[in-house]
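**Student:** Build me a model from this:
(one chain, ligands or ions: 1)
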Amino acid sequence: MYKKLIQWSLKEFSHLPWRKKRSLYTTLVSEIMLQQTTVSTVLKHYPDFIKKYPTVKSLAKLSEEEICVAWKGLGYYRRARNLRKAVIEIDKKGKFPKTLEELKEIPGIGDYTASALLAMGKDEEAMAIDANLERVLARIYGIKEKKGPKLHKKIREVVGKDLSSFSAREVNEALMDLGRVYCQARKADCLICPMKSKCVATKKNPLEYPEPLKAKGATKYYELHLARFVVIHQNKVLGVIRDEDKWLSGQVEIPTFILNSEDKDLDQYPRLRKTKIATADGVIKSSITKYRITNSFWVVTKAEFEAISGTSKGYKYFMLDRQKGNFSTTTLKILKKVLGDN
Ligand code: SF4
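**Tutor:** Residues are numbered from 1 along each chain as shown. Take a look at the predicted model:
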């Protein structure tokens with residue numbers, strides 16, 4: 001059933017660095033990187049990351065701030081913090097857990113990652129079902145069920161024994177490759193797909209599998225006006241690392257305040273009490289989740305900043321190293337406007 005697909009995957013993708021040389025640790029790192037990030041982006045960062053942190057112990061030594069800096073360019077920093085929690089716990093245990101249940105007890109490792117570790121890391125029978133596998137298997141077997149746990153259960157029942165006669169590692173990776181290359185959410189290239197002679201959905205409309213969840217109502221967007229302050233002193237810039245429960249958690253932002261928000265419940269930033277300030281030095285637009293943001297920024301001294309905001313408590317200076325510092329994208333854009341490319 002999957003022979004041709006596996007042959008294609010081995011031929012095209014065996015060169016990926018996390019497939020060439022693997023251990024449970026490298027599988028953990030690569031799997032967490034690959035969740036929500038494309039292969040091409042992970043390819044740019046994984047080799048250096050593994051070279052710098054080749055073992056559980058070397059990564060477990062990093063502080064939260066250090067791992068977020070090492071994670072730069074991969075986005076979704078919550079994953080970096082989860083990876084850190086996982087390696088700290090594994091390091092404490094002194095060995096990598098070996099069963100699905102033991103793996104799931106490690107903070108930061110959920111059902112998908114635990115299954116991926118067994119299948120890809122140890123080549124043991126397991127199915128790492130994410131949105132990709134859910135989609136391709138629903139199409140191959142023609143399972144018309146809504147996305148979610150019910151569909152996963154059905155997939156395991158229907159597909160399990162077909163997969164068990166192949167290497168768990170090879171078949172899981174081949175199905176992932178299929179979902180990434182030919183059998184995408186909005187496009188199915190059935191004519192050139194290695195599964196076309198076996199696939200049920202190719203004779204119908206592949207895009208109808210699996211059944212989409214009910215469309216949510218149109219997203220309401222909120223206008224948000226922020227005041228941001230650039231305080232530079234001796235090649236350092238005043239900033240704050242965002243907490244875990246905030247947007248951009250783990251990243252550094254320059255002091256930021258709400259000037260005006262359509263969403264009155266927003267508590268990401270404090271409100272600026274003193275609103276009568278000089279004309280802004282510049283404005284840039286950005287957006288995040290449901291907010292369309294106008295960022296006005298001012299370049300001020302620390303004393304001026306304290307006079308405007310009331311205090312500089314909670315902020316500290318960060319080295320103005322835009323390559324190595326873990327600054328948020330908007331902070332970097334503002335720094336570029338202020339300092340140019342230097
Ligand atoms: S034949 Fe088409 S629908 Fe079936 S797995 Fe391949 S790309 Fe997907």
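
**Student:** Need the three-state assignment for the residue sitting nearest the centre point of the chain.
**Tutor:** Taking CA atoms, centre = their mean, the centroid of the chain lies closest to residue 76, which sits 3.7 Å from it. Secondary structure state of residue 76, per DSSP: H, G, I helix; E, B strand; the rest coil, is coil.

**Student:** can you list the residues of this protein near the ligand?
**Tutor:** Counting by CB under 6 Å from any ligand atom, the residues of the chain lying close to the ligand are 136, 139-140, 182-183, 188-190, 193, 195-196, 199, 201-202, 206. Placement of C-beta: from N, CA and C, glycine included.

**Student:** Quick one: buried ones out of these?
**Tutor:** Buried residues within the residues of the chain next to the ligand, counting neighbours by 16 or more other CB atoms under 10 Å: 136, 139-140, 182-183, 188, 193, 195, 199, 201-202, 206.

**Student:** Mind checking which of those residues are in helices?
**Tutor:** Among those, the members falling in helices (DSSP state H) are 136, 139-140.

**Student:** so which of those comes closest to the ligand?
**Tutor:** Within these, the smallest distance to the ligand is 4.1 Å, found for residue 139 (CB to the nearest ligand atom).

**Student:** Without its sequence neighbours, what residue ends up closest to that closest one?
**Tutor:** Spatial nearest neighbour of residue 139, excluding adjacent residues (CB to CB, 6 or more residues apart in numbering): residue 201 at 3.8 Å.

**Student:** What pLDDT does the model give that neighbour?
**Tutor:** Looking at residue 201, its pLDDT stands at 95.

**Student:** Contact partners for residue 69?
**Tutor:** 324-326 (CB atoms under 8 Å, 6 or more residues apart in numbering).

**Student:** Any of these buried? List them.
**Tutor:** For the contacts of residue 69, buried by 16+ other CB under 10 Å: 325-326.

**Student:** For residue 341, pull up the helix or strand it's in.
**Tutor:** According to DSSP states H and E, residue 341 maps onto no helix or strand at all.

**Student:** ok, for residue 68, nearest residue in space, not its chain neighbours?
**Tutor:** Distance criterion CB to CB, 6+ apart; nearest residue to residue 68, sequence neighbours excluded, is residue 250 at 3.9 Å.

**Student:** returning to what we had before: return the member of the contacts of residue 69 nearest to residue 211.
**Tutor:** Residue 211 lies nearest to residue 326 out of these, by CB to CB, at 40.5 Å.

**Student:** And the pLDDT for the closest one?
**Tutor:** pLDDT recorded at residue 326 is 83.

**Student:** for the closest residue to the residue nearest to the centre of the chain other than its chain neighbours, what are its contacts?
**Tutor:** Spatial nearest neighbour of residue 76, chain neighbours left out: residue 36 (5.1 Å); criterion: CB to CB, 6+ apart. Residue 36 makes contact with 75-76, 79 under the criterion CB under 8 Å, 6+ apart.

**Student:** what does residue 9 give?
**Tutor:** Counting by CB under 8 Å, 6+ apart, residue 9 touches 170, 173-174, 177-178.

**Student:** what about 7 Å?
**Tutor:** Residue 9 makes contact with 173-174, 177, according to CB atoms under 7 Å, 6 or more residues apart in numbering.

**Student:** now the contacts of residue 36 in a markdown table, with distance to residue 108 and pLDDT?
**Tutor:** As requested, these are exported to a markdown table (distance: CB to CB, whole Å; pLDDT from 0 to 100):
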| residue | distance to residue 108 | pLDDT |
| --- | --- | --- |
| 75 | 17 | 83 |
| 76 | 13 | 82 |
| 79 | 9 | 90 |
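
**Student:** In TSV, list those along with distance to residue 121.
**Tutor:** Listed next are those as TSV, based on distance: CB to CB, whole Å:
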residue	distance to residue 121
75	24
76	22
79	17
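
**Student:** how about the strands in the stretch 201-342 of the chain?
**Tutor:** 222-230, 232-233, 236-241, 252-253, 256-261, 282-288, 291-299, 316-319 (DSSP state E, counting those that start in this stretch).

**Student:** Redo these as a markdown table? Include mean neighbour count and mean pLDDT.
**Tutor:** Formatted as a markdown table, the strands of the stretch 201-342 of the chain follow (neighbours: other CB atoms under 10 Å; pLDDT from 0 to 100):
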| stretch | mean neighbour count | mean pLDDT |
| --- | --- | --- |
| strand 222-230 | 20 | 94 |
| strand 232-233 | 14 | 94 |
| strand 236-241 | 20 | 93 |
| strand 252-253 | 22 | 92 |
| strand 256-261 | 18 | 92 |
| strand 282-288 | 13 | 92 |
| strand 291-299 | 18 | 94 |
| strand 316-319 | 14 | 93 |
